[in-house]
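Trainee: return atomic coordinates for the entry below.
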Amino acid sequence: AAPAIRTIAAAPAIRTIAAAPAVAAVRTVAAAPVITKAAPLVAAARAAVPTVTSSQFHSQDEDKNYAFGYSNINSARQESGNALTGVTGSYSDGFRTYNYVADGFGFRHV
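Mentor: Here you go, the predicted structure:
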């Protein structure tokens, strides 16, 4: 009996495999609407401006009596008197108040 010879076909050397997609499917989501609203500038300007209080007054009568004065953030002054008898008053430079008298004896601080 003759020996039986069997021939086996060789498997291919390269095997091709289908690659998975590099990017997975992206789900599209609708973006939220962008609302741009400017802040009111008037409110910011009002808060930034400091309030300054100042006042002034003046009065006089027919007998030559008078009084006047003012006051603000930097200084103040007030004076009252009569043209015949003299005046008294005070003034301030913001740090110190000076009182004075001006009469027949001259001007002097008290």
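
Trainee: okay, now residue 63: neighbour count?
Mentor: Using other C-beta atoms under 10 Å, residue 63 is surrounded by 9 other residues. Placement of C-beta: from N, CA and C, glycine included.

Trainee: any idea how far residue 95 is from residue 75?
Mentor: Distance of residue 95 to residue 75, given as C-beta to C-beta, to the nearest Å: 10 Å.

Trainee: neighbour count for these two, which is higher?
Mentor: Shown here are residue 95 and residue 75; by other C-beta under 10 Å, residue 75 has more neighbours (12 against 6).

Trainee: was I right about the more buried one contacting residue 96?
Mentor: No - assessed by C-beta atoms under 8 Å, residue 75 is found out of contact with residue 96, at 10.8 Å.

Trainee: so what pLDDT did residue 33 get?
Mentor: With respect to pLDDT, residue 33 scores 77.

Trainee: what's across from the closest residue to residue 86 other than its chain neighbours in the sheet?
Mentor: Once flanking residues are discounted, residue 86 sits nearest to residue 103: 2.9 Å by C-beta to C-beta, 6 or more residues apart in numbering. On the basis of DSSP bridges, residue 103 is bridged to residue 106.

Trainee: least confident secondary structure element in the protein?
Mentor: Among the helices and strands of the chain, helix 41-48 carries the lowest confidence by mean pLDDT, DSSP states H and E, at a mean of 58.
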